[in-house]
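Visitor: Give me coordinates for this.
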Amino acid sequence: MLRKLTTDDFLKSVELSQYAFQYTLSEEELKNAKKNFDNADVWGIFAGERLLSKLNILHFNVWIAGRQWKMGGIAGVATWPEERRGGSVKSLLTKALEEMRSNGESISFLHPFKVSFYRKFGWEVMNTLKKYEIEHHQLTFLKETNGHVKRLQKETFIEDIQEIYEQFGTASNGMLKRSKDRWEKTVGKGYQAALYYNEQGSPRGYMIYKVEKKEMCVDEWIVLDYEARKGLWNFICQHDSMIKKVIIYHQQQSDQLPFLSHYPEMKQEENVFGMGRIVDVALFAADYPFAAKEQALHIHICDETASWNQGVLTIANGKTTFKEGASLGEGEGLSLSIQTLTALLIGYQTPAFLYEVGKIEGNEAHLELLQQLLPDSLQKGTYLIDFF
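Guide: Okay, here's the model as predicted:
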């Protein structure tokens with residue numbers, strides 16, 4: 001039986017999560033887990049009263065193409081090992097798509113345990129995480145700025161950096177709009193913030209970091225201009241007598257830190273950090289800022305999991321219509337999957353690349369029209385930095 005979990009099912013959910021993800025909650029952590037449980041929609045498959053599989057639907061807002069969207073985050077997907085490969089997770093994901101659509105959440109993100117598994121259900125890679133490991137001798141200062149850096153403890157810095165975060169987020173593709181509770185969950189124990197202020201006293205960037213055991217870990221680094229980047233980098237370099245290594249996470253794809261450094265040989269690592277999926281094509285496309293071109297573009301979309309997305313999307317004069325179940329004649333437009341449409345409209349991949357590798361089918365004239373219809377903000381790529 002598939003149903004939504006109630007408060008009476010909380011301990012069953014916790015028991016399964018602790019086994020599947022191999023952790024044990026303290027009494028305090030159990031209280032926080034209960035709060036998270038109450039704020040999510042948790043669905044499970046039961047055999048009688050026994051919970052076999054479950055997943056959480058979390059409710060967020062994200063920025064894409066300069067606009068805010070309601071997003072359903074999938075998390076906590078777990079199954080007892082003796083119940084795996086029986087189709088229960090497929091049933092849960094299908095139900096989750098129906099629920100998110102009903103909630104008006106036209107897009108969904110998740111962090112996969114295995115990319116190929118979620119691709120089968122329409123999710124696609126939409127973001128990567130950069131990690132730098134910088135040795136002590138590679139810490140060399142950039143040109144001095146006229147601003148200054150102020151350090152703040154966790155108890156006070158959230159309000160101070162919220163404005164910077166949101167200003168950056170509105171121009172990004174994929175960042176979550178963080179509530180106060182979300183900020184509390186995001187900033188780990190022992191972390192503090194460094195804010196950069198320009199010569200006029202305006203905050204222009206921040207980093208969230210901690211220093212322990214001769215190592216500096218920068219978990220988040222957001223800047224609004226190059227001056228702030230220089231100021232915060234020089235702040236890192238000021239720790240040269242205290243540390244042996246710096247680890248920096250969450251750098252946007254276009255950060256160019258190695259090129260700017262005197263030691264571009266720094267160790268770099270890039271991994272998948274997030275998958276996305278358009279839940280409701282008609283709803284998502286209706287709000288999407290397509291350019292206003294008189295020539296109509298028809299796009300056939302294939303979605304094997306969410307049948308309501310199978311059909312033809314038409315874009316004309318900046319407006320869209322969607323005909324469920326429709327198809328295109330030969331040479332009439334473009335054809336692509338829900339995964340490809342997601343990667344395209346979030347800004348993770350370009351139309352030219354997707355066409356080159358066969359993910360978009362059709363003629364080059366229609367491809368050129370598609371490129372003209374997409375907003376310039378997609379050129380910045382994606383930037384998801386929250387784990388949930």
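Visitor: going forward, measure contacts between C-alpha atoms and count neighbours the same way
Guide: Will do.
Visitor: Dump whichever strand in the chain runs longest to PDB, restricted to CA.
Guide: The longest strand of the chain (DSSP state E) is strand 50-64. Provided in PDB are the C-alpha atoms of strand 50-64 (Å, rounded to 0.1, in the frame of the first residue of the first chain):
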ATOM      1  CA  ARG A  50       5.600  -2.400   8.000                       C
ATOM      2  CA  LEU A  51       7.300   0.400   6.100                       C
ATOM      3  CA  LEU A  52       9.200  -1.000   3.100                       C
ATOM      4  CA  SER A  53      10.300   2.100   1.200                       C
ATOM      5  CA  LYS A  54       9.900   5.900   1.600                       C
ATOM      6  CA  LEU A  55      10.900   9.300   0.200                       C
ATOM      7  CA  ASN A  56      10.600  12.900   1.300                       C
ATOM      8  CA  ILE A  57       9.300  15.800  -0.700                       C
ATOM      9  CA  LEU A  58      10.700  19.100   0.500                       C
ATOM     10  CA  HIS A  59       9.300  22.400  -0.500                       C
ATOM     11  CA  PHE A  60      11.600  25.200  -1.800                       C
ATOM     12  CA  ASN A  61      11.800  28.200  -4.100                       C
ATOM     13  CA  VAL A  62      14.700  28.500  -6.600                       C
ATOM     14  CA  TRP A  63      15.900  31.100  -9.000                       C
ATOM     15  CA  ILE A  64      16.200  30.200 -12.700                       C
END
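Visitor: Next, the buried residues of that strand.
Guide: Residues of strand 50-64 classed as buried: 51-64 (neighbour count, 16 or more other Cα atoms under 10 Å).
Visitor: need the helices for this protein, in chain order.
Guide: For the chain, applying DSSP state H gives helices covering 10-21, 27-39, 88-102, 115-119, 154-170, 180-186, 226-237, 257-260, 281-287, 338-346, 351-356, 364-373.
Visitor: tell me the most buried of these?
Guide: Comparing the helices of the chain by mean neighbour count (mean count of other Cα atoms under 10 Å), helix 338-346 comes out on top with a mean of 24.
Visitor: check contacts around Leu16.
Guide: 78-80 (Cα atoms under 8 Å, 6 or more residues apart in numbering).
Visitor: Can you lay out the helices of the chain as JSON lines showing distance to Ala316 and mean pLDDT?
Guide: Listed next are the helices of the chain as JSON lines, based on distance: least, Cα to Cα, whole Å; pLDDT from 0 to 100:
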{"stretch": "helix 10-21", "distance to Ala316": "47", "mean pLDDT": "96"}
{"stretch": "helix 27-39", "distance to Ala316": "40", "mean pLDDT": "92"}
{"stretch": "helix 88-102", "distance to Ala316": "25", "mean pLDDT": "97"}
{"stretch": "helix 115-119", "distance to Ala316": "30", "mean pLDDT": "97"}
{"stretch": "helix 154-170", "distance to Ala316": "26", "mean pLDDT": "86"}
{"stretch": "helix 180-186", "distance to Ala316": "39", "mean pLDDT": "86"}
{"stretch": "helix 226-237", "distance to Ala316": "38", "mean pLDDT": "96"}
{"stretch": "helix 257-260", "distance to Ala316": "41", "mean pLDDT": "86"}
{"stretch": "helix 281-287", "distance to Ala316": "11", "mean pLDDT": "98"}
{"stretch": "helix 338-346", "distance to Ala316": "16", "mean pLDDT": "98"}
{"stretch": "helix 351-356", "distance to Ala316": "18", "mean pLDDT": "98"}
{"stretch": "helix 364-373", "distance to Ala316": "9", "mean pLDDT": "97"}
